[in-house]
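Give the three-dimensional model of this entry:
(one chain, ligands or ions: 1)
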Amino acid sequence: MSNTNSKFVWSTPSANQETVTVTFEGENCTVPSGVTVAAALLGHDDNHFCRSAAENDTRAPYCLMGVCFECLVEIDGQKNRQACLEPVYDGMRVKRQHSPGSN
Ligand code: FES
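Numbers count the residues shown, from 1 in each chain. As a prediction, this is how the structure comes out:
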């Protein structure tokens, strides 16, 4: 399966690798099935997932085990989802999560 998103690292899943298509910030990304949203999105070359509420700094996954909350994203319209704990599924829509009033 070819990937039309040139920014995405998961461009060459093995021939027998099952894949799903997720949308990140409106861009389709083909990723291996069974990985977490965090693992899938870390393959994307722009890997900031959210911004901190206090300083508006960009944040990215840190612990990858549900402890730090640095990986919060919006999944299918639901905010505050921990990307490191959510497995991808076909058609999933993921957006960065920003604190109110930030871009
Ligand atoms: S990376 Fe720490 S909670 Fe997700």
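
quick check: mean pLDDT across stretch 77-93?
Average pLDDT, stretch 77-93: 96.

Show me what it is in contact with.
With contact meaning C-beta atoms under 8 Å, 6 or more residues apart in numbering, stretch 77-93 is reached by 20-23, 31, 33-41, 49, 61, 63-66, 69, 71-76, 94, 97. C-beta here means a position set from N, CA and C on the backbone, and glycine is covered the same way.

7 Å instead?
Identification of contacts with stretch 77-93 by C-beta atoms under 7 Å, 6 or more residues apart in numbering yields 20-23, 31, 33-38, 40-41, 49, 61, 64-66, 69, 71-76, 97.

Count the neighbours of L85 for me.
A count of nearby residues for L85, using other C-beta atoms under 10 Å, gives 13.

Which positions in this protein make contact with the ligand?
Applying C-beta under 6 Å from any ligand atom, we find that the chain lies next to the ligand at 38, 61-64, 66-71, 82, 84.

Going along the chain, name the helices of this protein.
All helices of the chain, identified by DSSP state H, fall at 37-42.

list the contacts for the residue most central in space within it?
Closest residue to the average C-alpha location of the chain: L41 at 3.6 Å, with C-alpha atoms, centre = their mean. Under the criterion of C-beta under 7 Å, 6+ apart, the contact list for L41 reads 24, 47, 49, 83, 94.

what about the residue nearest to the last one when sequence neighbours are not counted, distance to R51?
Taking C-beta to C-beta, 6 or more residues apart in numbering, and ignoring the residues beside it in sequence, V94 has F24 as its nearest neighbour in space, at 4.9 Å. For F24, the distance to R51 under the criterion C-beta to C-beta, to the nearest Å works out to 16 Å.

higher neighbour count, the two?
A direct count of neighbours by other C-beta under 10 Å for F24 and R51 places F24 higher, at 23 against 18.
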